[in-house]
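Asks: Okay, here's the prediction I keep looking at, along with the sequence it came from:
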Amino acid sequence: MSFNNLDTLYRQVIMDHYKNPRNRGKIEGDHITIEMNNPTCGDRIDLQLKVEDGLVEDAKFEGEGCSISMSSASMMTQVIIGKKVEDAIKISKMFSDMMLGEEVNTDDYKLEDLGDIQALQGVSKFPARIKCATLAWKAMEQGVEKEDQ
């Protein structure tokens with residue numbers, strides 16, 4: 001597949017998550033809520049996590065923002081549900097490395113294993129948009145740290 005076709009495919013995936021977000025909404029019952037915003041562009045996320053016995057049982061979000069921030073939140077929730085907290089943190093580190101243009105493979109996961117998240121690779125070429133893409137991930141990291149306390 002040529003670069004242009006891959007770029008087009010990635011844009012379609014991002015827009016699909018933006019227009020049809022996965023796990024948008026609220027969690028009923030006990031959960032952790034993390035509110036974060038990106039003051040430079042106005043992106044805002046309210047992330048809710050249900051963590052039981054070290055496992056992310058559910059993740060939902062609400063918020064407003066650009067297609068990058070909202071699609072990234074959608075993709076992130078899909079990936080972390082059902083994962084151990086330490087794996088969710090590893091995946092978040094991989095995502096951060098990808099945004100910074102660094103090597104992203106670990107012993108446990110490879111980028112290819114993480115589905116739609118690959119579509120956000122191109123964001124690393126636009127430093128001003130990296131904060132948009134990482135907002136939900138930072139909220140998740142903060143939330144699971146809160147759970148540990």
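Replies: Everything's here; your move.

Asks: which parts of stretch 56-65 are buried?
Replies: Buried residues in stretch 56-65, defined by neighbour count with 16 or more other C-beta atoms under 10 Å: 56, 58, 59, 60, 61, 63, 65. Quick note: C-beta positions are derived from backbone N, CA and C, even for glycine.

Asks: Show me which of the residues you listed is closest to residue 85.
Replies: Residue 85 lies nearest to residue 56 out of the buried residues of stretch 56-65, by C-beta to C-beta, at 6.4 Å.

Asks: Grab the CA positions of the helix or strand residue 92 falls within and hand them over as PDB.
Replies: Here residue 92, judged by DSSP states H and E, is contained in helix 85-99. Output of helix 85-99 as PDB, limited to C-alpha atoms (Å, rounded to 0.1, in the frame of the first residue of the first chain):
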ATOM      1  CA  VAL A  85      -3.400  -1.700  35.100                       C
ATOM      2  CA  GLU A  86       0.300  -2.300  34.500                       C
ATOM      3  CA  ASP A  87      -0.400  -3.300  30.900                       C
ATOM      4  CA  ALA A  88      -2.500  -0.100  30.400                       C
ATOM      5  CA  ILE A  89       0.400   1.900  31.700                       C
ATOM      6  CA  LYS A  90       2.900   0.100  29.300                       C
ATOM      7  CA  ILE A  91       0.600   0.700  26.400                       C
ATOM      8  CA  SER A  92       0.300   4.400  27.400                       C
ATOM      9  CA  LYS A  93       4.100   4.600  27.500                       C
ATOM     10  CA  MET A  94       4.200   3.000  24.000                       C
ATOM     11  CA  PHE A  95       1.700   5.600  22.800                       C
ATOM     12  CA  SER A  96       3.700   8.400  24.200                       C
ATOM     13  CA  ASP A  97       6.900   7.100  22.600                       C
ATOM     14  CA  MET A  98       5.100   6.900  19.300                       C
ATOM     15  CA  MET A  99       4.000  10.500  19.600                       C
END
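
Asks: contact partners of it?
Replies: Here helix 85-99 makes contact (C-beta atoms under 8 Å, 6 or more residues apart in numbering) with 51, 54-56, 76, 79-80, 83, 103-106, 108-109, 111, 114, 117, 120-121, 123-124, 130, 133-134, 137, 140-141, 144, 147-148.
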